[in-house]
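Q: I would like the atomic coordinates for the input below:
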Amino acid sequence: MSFPRSSGILLHITSLPGPYGIGDLGPEAYRFADFLTRSRQGIWQVLPLVPVGHGNSPYSSPSTFAGNPFLISPDLLLQDELLKADDLANTPDFPLDRVDYERAIPYKQQLLYLAYTRFVESDPTHLRQGFEWYCTENADWLEDYALFMTLKNVHGGGPWTGWPRELVRREPEALERARLEHAAEIDMHRFWQFLFHRQWSALKDYCNEREIRIFGDIPIYVAHDSADVWAEQHLFHLDENGNPTVVAGVPPDYFSATGQRWGNPIYRWDLMKENGYNWWTRRIAATLKQVDLVRLDHFRGFEAYWEIPASEPTAVVGRWVKGPGAELFKVIHERLGSLPVVAEDLGLITPEVTAIMQEMNFPGMLVLQFAFDSDNCCAYLPHNFKRNAVAYTGTHDNDTITGWWQNLKQQANEDEASSRELAFARKYLYLNGSDDSAIHWAAIRAIISSVADLAVVPMQDLLGLGSEARMNQPGRSDHNWAWRMAPDALTDELAAKLREITITYGRAPEDPPEVV
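A: Next up, the predicted model:
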């Protein structure tokens, strides 16, 4: 699917400023949407909106269908009279520059408990009707998710494979007893999902009214300790106790001598095909209700994936196995219509993967940071970009553009290859003088001026921040996903400068609405 020429910002919801320890769907989200309008941007890209899992990662979630309840705005709960001003009077003094998950999550959870209690006690008609409709419309995943989260809490937070065997095997009588015994907590999890849906839908509508499209994200795999695997065990390679027999990852390469062992269970693509890829169709359909276009992470794995025996501690031992290929997307296209999908095609991509993208007309990704370690024929150099693509200065997995530049300068003093890369980058980006403090603007101009249909800049790069603002460092298990934007970052001067570049290179929406 081709997209109209436009540009935008990558900023996850958790990175928004605000007083409650973690960015949320409240006033600061709307203020950021207004900034996008003032700067004539047409895209807001976010990371997966799901509950976070191990390491606070949105790519390791207990559900691929649920929303993250900790993104719910306390300020909007005030408007719904589910919280009172006194409930927020003693908000802790959270850090402004990062998410302190260990403190923020318990605090937000306390507020959500209180909101549910008020809902039950007051039973407001306008919320009750919406809640009942939401539960009915989403029952196909919501019931399993709410029960899973409840049972996980009841059993001390441990993985579902450690629960009593009748619950692991989902024996109907055991599930029914659990639903009756824990009815109130199950209902609470349903209600939190309703609140997330209510707040997210309002924010998305606000953006769409201002010609801003929401660009979402779907990880290819799901976490083993998730409602998805527990509820659909037959669709994954598991043993009789529910443990994976094979897991996902990537083989050894230049960057890692032992590869990457992600540990996610592998899909039973044969069974998924037999039932018409129903689970994947539901997954993409649910995501496209939340966003306007979506990035499919690790797209290479749909053509062929690296299968690792679960007993192996690294990804060295494994094998390539053919995936569903274009057939999966053809089936989904037949059911859902046009698919606004972007393929994450970074890394070693085979001709077979490219063929699927071309057949389905899926754009790929072009990252400027990868452009300068080769010659002027490199596909990541803007003059070689193709139209049906999304250009980035960097992604959430990269260093910031300023951090990358500073590290490259340091490496250039130590090895000849980095020295050549730096010299080429200076020449290409017109940074031949001694002052290269504007490297981020040079990079932004390079991708926005390119022919790529879409150009996306991480907010950290727009602000010219260094490595301290990096969102994620793959392979590191802690200190990721925590960066937050400063409360005073969205200045008129910043909007004006971005607006000028955007208009100059023909990426601005034609008729922007006025922001009051």
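Q: these two touch, right, Ser418 and Ala412?
A: Yes. Counting by CB atoms under 8 Å, Ala412 is a contact partner of Ser418 at 4.6 Å. From N, CA and C alone the C-beta is placed, and that goes for glycine too.
Q: Tell me the buried residues in stretch 476-496?
A: Asn480, Trp481, Ala482, Trp483, Arg484, Met485, Leu490, Leu494, Ala495 (16 or more other CB atoms under 10 Å).
Q: ah, wrong one, I meant stretch 248-256
A: Ala248, Gly249, Val250, Pro251.
Q: My guess is the second one contacts Trp306. True?
A: The one in question is Gly249. Yes. The criterion here is CB under 8 Å, and Gly249 meets it with Trp306 at 5.5 Å.
Q: Residues that sit against both of these two, list them.
A: Gly259, Ala315, Gly318 (CB atoms under 8 Å, 6 or more residues apart in numbering).
Q: ok so, going back, need the residues touching each of Ser418 and Ala412.
A: With CB under 8 Å, 6+ apart, Ser418 and Ala412 have no common neighbours.
Q: ok, so of the shared contacts of Gly249 and Trp306, who is nearest Ile401?
A: Set against Ile401, the nearest of these by CB to CB is Gly259 (27.7 Å).
Q: you'd agree that closest one is up against Pro251?
A: Yes. Counting by CB under 8 Å, Gly259 does reach Pro251; the two are 4.7 Å apart.
Q: Name the residues contacting each of the two.
A: What both Gly259 and Pro251 touch, as defined by CB under 8 Å, 6+ apart, is the set Trp306, Ala315, Val316, Gly318.
Q: Buried only: go through these for me.
A: Trp306, Ala315, Gly318.
Q: which one of those is nearest Glu468?
A: For those, the nearest to Glu468 is Ala315 (30.0 Å; CB to CB).
Q: Could you say which helix or strand holds the closest one?
A: Secondary structure assignment for Ala315, by DSSP states H and E: no helix or strand.
Q: so who does the closest residue to Ile308 other than its chain neighbours touch?
A: Among residues not flanking Ile308 along the chain, Gly318 sits closest, at 4.2 Å (CB to CB, 6 or more residues apart in numbering). Contacts for Gly318 (CB under 8 Å, 6+ apart) come out as Gly249, Pro251, Gly259, Trp306, Glu307, Ile308, Pro309, Glu312.
Q: I'd like those residues as CSV, with secondary structure, distance to Ala391 and pLDDT appended.
A: Listed next are those as CSV, based on DSSP: H, G, I helix; E, B strand; the rest coil; distance: CB to CB, whole Å; pLDDT from 0 to 100:
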residue, secondary structure, distance to Ala391, pLDDT
Gly249, strand, 28, 94
Pro251, coil, 28, 93
Gly259, coil, 29, 92
Trp306, strand, 28, 97
Glu307, strand, 33, 98
Ile308, strand, 33, 98
Pro309, strand, 39, 98
Glu312, coil, 37, 97
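Q: average model confidence for stretch 119-128?
A: Per-residue pLDDT values over stretch 119-128 give a mean of 91.
Q: again with stretch 415-426
A: Per-region confidence: stretch 415-426 scores 93 on mean pLDDT.
Q: got it, and stretch 228-240?
A: 98.
Q: Run the chain-centre distance for that stretch.
A: 24 Å (CA atoms, centre = their mean, to the nearest Å).
Q: now the helices for the stretch 151-300 of the chain?
A: 165-168, 172-181, 183-209, 227-231, 269-274, 278-290, 300-303 (DSSP state H, counting those that start in this stretch).
Q: Test my guess that Asn432 contacts Phe424.
A: No. Contact criterion CB under 8 Å: Asn432 and Phe424 do not qualify, at 11.8 Å.
Q: for the protein, what are the low-confidence residue spans?
A: 255, 434, 511-516 (pLDDT under 70).
Q: one more time with 80
A: 1-2, 254-255, 374-377, 432-435, 475-478, 510-516 (pLDDT under 80).
Q: which residue is nearest the middle of it?
A: The centroid of the chain falls nearest to Leu47 when counting by CA atoms, centre = their mean (2.0 Å).
Q: And the residue lying closest to that residue once chain neighbours are set aside, how far from Val99?
A: Spatial nearest neighbour of Leu47, excluding adjacent residues (CB to CB, 6+ apart): His12 at 4.4 Å. Look at His12 and Val99: by CB to CB, to the nearest Å, they are 10 Å apart.
Q: quick one: the strands in the stretch 351-500 of the chain?
A: Along the stretch 351-500 of the chain, counting by DSSP state E, counting those that start in this stretch, strands occupy 364-367, 389-392, 454-458.
Q: Does Tyr116 fall in a helix, a strand, or a coil region?
A: Three-state assignment for Tyr116 (DSSP: H, G, I helix; E, B strand; the rest coil): helix.
Q: What number of residues are in the vicinity of it?
A: Tyr116 has 20 neighbours, counted by other CB atoms under 10 Å.
Q: So it sits against Phe191, correct?
A: Yes. The pair Tyr116 and Phe191 qualifies as a contact (CB under 8 Å) at a distance of 5.3 Å.
Q: about what we covered before: okay if I get the buried ones among the shared contacts of Gly259 and Pro251 as TSV plus distance to His298?
A: Listed next are these as TSV, based on distance: CB to CB, whole Å:
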residue	distance to His298
Trp306	10
Ala315	14
Gly318	15
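Q: out of the shared contacts of Gly259 and Pro251, who's nearest Leu366?
A: Trp306 (24.1 Å).
Q: Pretty sure the closest one sits against Gly323.
A: No. The pair Trp306 / Gly323 is not scored as a contact, 10.8 Å apart, by CB under 8 Å.
Q: The closest residue to Asp228 other than its chain neighbours: how many residues sit nearby?
A: The shortest distance from Asp228 to any non-neighbouring residue, by CB to CB, 6+ apart, is to Val222 (4.5 Å). By the criterion of other CB under 10 Å, Val222 has 27 neighbours.
Q: hang on, Pro4 is in a strand, isn't it?
A: No. Counting by three-state DSSP, Pro4 is not part of a strand but coil.
Q: Disregarding residues adjacent in the polypeptide, which is nearest to it?
A: Asp453 (7.1 Å).
Q: how close does the one you found sit to Ile332?
A: 22 Å.
Q: repeat for Gly158
A: With CB to CB as the criterion, Gly158 and Ile332 are 35 Å apart.
Q: Name the residue in these two with the higher neighbour count.
A: Each of Gly158 and Ile332 has its neighbours counted (other CB under 10 Å); Ile332 has more, 21 against 10.
Q: sorry, back to before: mean neighbour count and distance to Thr393 for the helices of the stretch 151-300 of the chain - can I get that in CSV?
A: Below are the helices of the stretch 151-300 of the chain laid out as CSV (neighbours: other CB atoms under 10 Å; distance: least, CB to CB, whole Å):
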stretch, mean neighbour count, distance to Thr393
helix 165-168, 16, 46
helix 172-181, 13, 49
helix 183-209, 19, 22
helix 227-231, 24, 33
helix 269-274, 14, 35
helix 278-290, 17, 25
helix 300-303, 22, 22
